[in-house]
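J.: test case, fold it:
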Amino acid sequence: MQIGTSVSFTAQLSNTGNKTLRIISKSEQGSAFSFGNFPLPVKINPGASIQLPLVFKPTAKGYTSGTFTLTSNDPSSPLNMHVQGTGLYPNSPQLGVTPASLNFGNVTVGSSASLQGTLTASNAAVTISSDQSTSSEFALLGLSLPVTIPAGQSISFTIQFTPNASGGASGKAGFVSNAANSPTVEQLSGTGVAQGSHSVGLSWNPGDGNAVGYNVYRGTASGGPYGEINTSLDASTNYTDSTVVSGATYYYATTEVNAQGQESGYSNVVKAVIPSP
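T.: Residues are numbered from 1 along each chain as shown. Below you'll find the predicted structure:
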């Protein structure tokens, strides 16, 4: 990152327990690193996730590291997150990737889901010579290498997630180039869901454009109560529920979550009747 300029990135915080998680204090070490807008205290319900905004602003050339610390009611508190970055002189060629992370949400084992990202060259032209994914479940598509991106211009790429088994999956997509910040890395995550005899496919339109992700809720009555069924915040606007039972009737609603972890009210409720058997 150029000296004197800043970049924002996010870390996903998930409550994997069965009690409400309360984050009560925060601190950072390393002059180049700071928290974004993250007012405390913060409450995370069981099974829910929020985004933690972080900022990197180097003040000197070269490698630097830091630590973000969160204190909560978790018995293993505090949580320490170690980060690193490199300060660069102005006008060094750089390759940026947006978004900084891609979360595919739930995908049925044996099927695939795709999300797009963007690579942008700044200060000077950047030539990408190779790319690689650290996991066989995430495939890089859409780039014919080598490719040169003129300064100030962008190209798109596609990541395809094909889970091999049930459970969470994670990986990284790396782009090697002549940029000073090479390799440029995209964080990847998703969850494989076992294929059942029936499933319900959901899709929705984004709301005000401020959402960083969505939660999906399900109930067995039109007026609720509804329980959250996604294991982590879903970055896409579609979801497949493969845990339905034959002959049952379900009601679904979604909510939006912004970068500050604030969650909207329920969307319109939709009904799904599962065939029997």
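
J.: near the closest residue to Gly17 other than its chain neighbours, how many other residues are there?
T.: Distance criterion Cβ to Cβ, 6 or more residues apart in numbering; nearest residue to Gly17, sequence neighbours excluded, is Pro46 at 6.1 Å. Glycine gets a C-beta too; all of them are placed from N, C-alpha and C. Close neighbours of Pro46, defined as other Cβ atoms under 10 Å, add up to 13.

J.: could I get the full set of strands for the stretch 101-250 of the chain?
T.: Ranges of strands in the stretch 101-250 of the chain, per DSSP state E, counting those that start in this stretch, are 101-108, 113-122, 126-133, 138-141, 147-149, 154-161, 167-177, 184-193, 200-203, 211-219, 227-228, 238-241, 249-258.

J.: so which bits of the second one are buried?
T.: Yep, that's strand 113-122 we're talking about. In terms of neighbour count (16 or more other Cβ atoms under 10 Å), strand 113-122 has its buried residues at 113, 115, 117, 119-122.

J.: state the mean pLDDT of that strand.
T.: The pLDDT scores in strand 113-122 average 92.

J.: I figured the residue nearest to Gly17 hits Gly227, correct?
T.: No. Applying Cβ atoms under 8 Å, one finds Pro46 not in contact with Gly227, separated by 9.9 Å.

J.: of the strands of the stretch 101-250 of the chain, which approaches Thr67 most closely?
T.: Among these, strand 184-193 comes nearest to Thr67, with 18.5 Å by Cβ to Cβ.

J.: mind listing what Ile155 touches?
T.: By Cβ atoms under 8 Å, 6 or more residues apart in numbering, the contact list for Ile155 reads 118-119, 143, 147, 149.

J.: now do 10 Å
T.: Counting by Cβ atoms under 10 Å, 6 or more residues apart in numbering, Ile155 touches 117-121, 128, 142-143, 147-149.

J.: among the residues you listed, which one lies nearest to Thr237?
T.: For the contacts of Ile155, the nearest to Thr237 is Gly117 (16.3 Å; Cβ to Cβ).

J.: that closest one touches Gln160, doesn't it?
T.: No. The pair Gly117 / Gln160 is not scored as a contact, 11.9 Å apart, by Cβ atoms under 10 Å.

J.: anything in contact with each of those two?
T.: Common neighbours of Gly117 and Gln160 are listed as 140, 142 (criterion: Cβ under 10 Å, 6+ apart).

J.: and the residue nearest to Gly17, how far from Ser133?
T.: 32 Å (Cβ to Cβ, to the nearest Å).

J.: swap in Val244?
T.: 32 Å.

J.: now Asn37
T.: Counting by Cβ to Cβ, the gap from Asn37 to Ser133 is 32 Å.
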